[in-house]
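Visitor: predicted model follows, preceded by the sequence.
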Amino acid sequence: MTAVDGVLFDIDDTLVDTRAAFGAALAAVAERYLPHVGADQHPALLATWRADANGHYARYTRGETGYADQRRVRAEELQEAFGGAPLGADGYDAWNAVFEEGFARAWSAHPDAHDVVHALLGSGLAVGALSNASVAYQTSKLERVGLDATVPMLVGVDTLGVGKPDPRVFLEACRRLGTEPDRTAYVGDELDVDARAAVAAGLLGVWVDRPGPRRVPVPDDDVAAARAAGVRVVASLAELPAALGLTAS
Ligand SMILES: [Mg+2]
């Protein structure tokens with residue numbers, strides 16, 4: 001008797017090493033648009049991009065701005081923060097082409113992703129994806145990393161017009177997966193938007209807290225509160241089957 005009948009995955013920085021892909025994309029745009037920024041500064045570029053301090057991507061996931069608009073504003077903010085020239089409307093399109101080409105070329109699955117998906121499917125669980133990007137974009141990402149056949153993209157931010165942490169997207173993903181929310185785990189790399197939001201929606205929340213720099217600081221008190229609320233914490237996807245009570249057969 002397992003605790004769950006199905007597992008829903010976040011995609012970026014959970015199944016796919018998006019942090020590394022952003023690093024590749026930002027190195028590509030920096031070479032052309034921030035030529036005075038040396039390679040030693042590229043980690044700072046990546047940290048600034050991922051932090052998204054002004055919350056533009058979060059506004060997109062709430063349906064308050066478009067995908068292209070949020071990226072355009074973030075690109076201009078990055079130029080300003082690192083002493084580059086404004087891109088302007090025409091310049092942004094060229095910037096984005098360089099960014100997107102470098103980003104997509106670097107998409108790859110985390111080394112632990114394929115094995116855990118096969119382990120879950122082998123245990124008879126249903127598996128799918130719920131992401132805060134669009135269905136088409138994430139489907140192409142799953143295809144690129146070879147997970148499209150095993151992890152169907154079920155719900156994106158464009159499915160209902162809002163994204164996580166809205167509970168409706170978790171419930172819609174369960175409906176499409178064919179499992180009851182209280183018999184479904186949601187696995188993601190963000191404590192609040194993924195694991196805690198999943199718990200709030202009635203699912204089992206699992207936080208993947210991999211070693212290395214976090215996207216945003218996570219106070220110890222927040223982790224303790226999440227654990228108290230029922231969130232399970234793993235350091236890699238390899239720990240997931242045990243965290244879900246699955247034993248090797
Ligand atoms: Mg993520």
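Guide: Received the coordinates, thanks. As the structure is a prediction and not an experimental result, all values here were calculated from the model.
Visitor: how about the strands in this protein?
Guide: 6-9, 126-130, 153-155, 184-188, 204-208, 232-234 (DSSP state E).
Visitor: how about the ones you listed, which one is nearest the ion?
Guide: Among the strands of the chain, strand 184-188 comes nearest to the ion, with 5.3 Å by CB to the ion. Just so you know, the C-beta spots here come from the backbone N, C-alpha and C atoms, and that holds for glycine as well.
Visitor: what's next to the closest one, contact-wise?
Guide: 3-10, 14, 130, 164, 170, 173-174, 177, 194-195, 198, 203-208, 237, 240, 244 (CB atoms under 8 Å, 6 or more residues apart in numbering).
Visitor: what's the domain layout of the protein?
Guide: Using automatic domain parsing, the domains assigned to the chain come out as 6-17+108-243, 18-105.
Visitor: still on that earlier bit, now render the strands of the chain as JSON lines, adding distance to residue 141.
Guide: Compiled in JSON lines, the strands of the chain are given as follows (distance: least, CB to CB, whole Å):
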{"stretch": "strand 6-9", "distance to residue 141": "12"}
{"stretch": "strand 126-130", "distance to residue 141": "10"}
{"stretch": "strand 153-155", "distance to residue 141": "9"}
{"stretch": "strand 184-188", "distance to residue 141": "15"}
{"stretch": "strand 204-208", "distance to residue 141": "17"}
{"stretch": "strand 232-234", "distance to residue 141": "22"}
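Visitor: out of those, nearest to residue 88?
Guide: Proximity to residue 88 (CB to CB) singles out strand 153-155 among these, at 34.1 Å.
Visitor: mind listing what that closest one pairs with, with the direction of each?
Guide: According to DSSP bridges, strand 153-155 forms sheet pairs with strand 126-130 (parallel).
Visitor: that older thread, which among the contacts of strand 184-188 are in contact with the ion?
Guide: residue 10 (CB under 5 Å from the ion).
Visitor: what subset of the contacts of strand 184-188 is buried?
Guide: Among those, the ones that count as buried by 16 or more other CB atoms under 10 Å are 4-10, 14, 130, 164, 170, 173-174, 177, 194-195, 198, 203-208, 237, 240, 244.
Visitor: about what we covered before: single out the most deeply packed of the domains of the chain.
Guide: domain 6-17+108-243 (a mean of 19; mean count of other CB atoms under 10 Å).
Visitor: show the end-to-end separation of that domain, please.
Guide: 14 Å (CA to CA, to the nearest Å).
Visitor: give me the distance from that domain to the chain's centre.
Guide: Relative to the centre of its chain, domain 6-17+108-243 is centred 8 Å away, using CA atoms, centre = their mean, to the nearest Å.
Visitor: for the domains of the chain, give me a markdown table that also has mean pLDDT.
Guide: A markdown table is the format used below for those (pLDDT from 0 to 100):
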| stretch | mean pLDDT |
| --- | --- |
| domain 6-17+108-243 | 96 |
| domain 18-105 | 95 |
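Visitor: how about the residues of this protein by the ion?
Guide: 10, 12, 13, 189.
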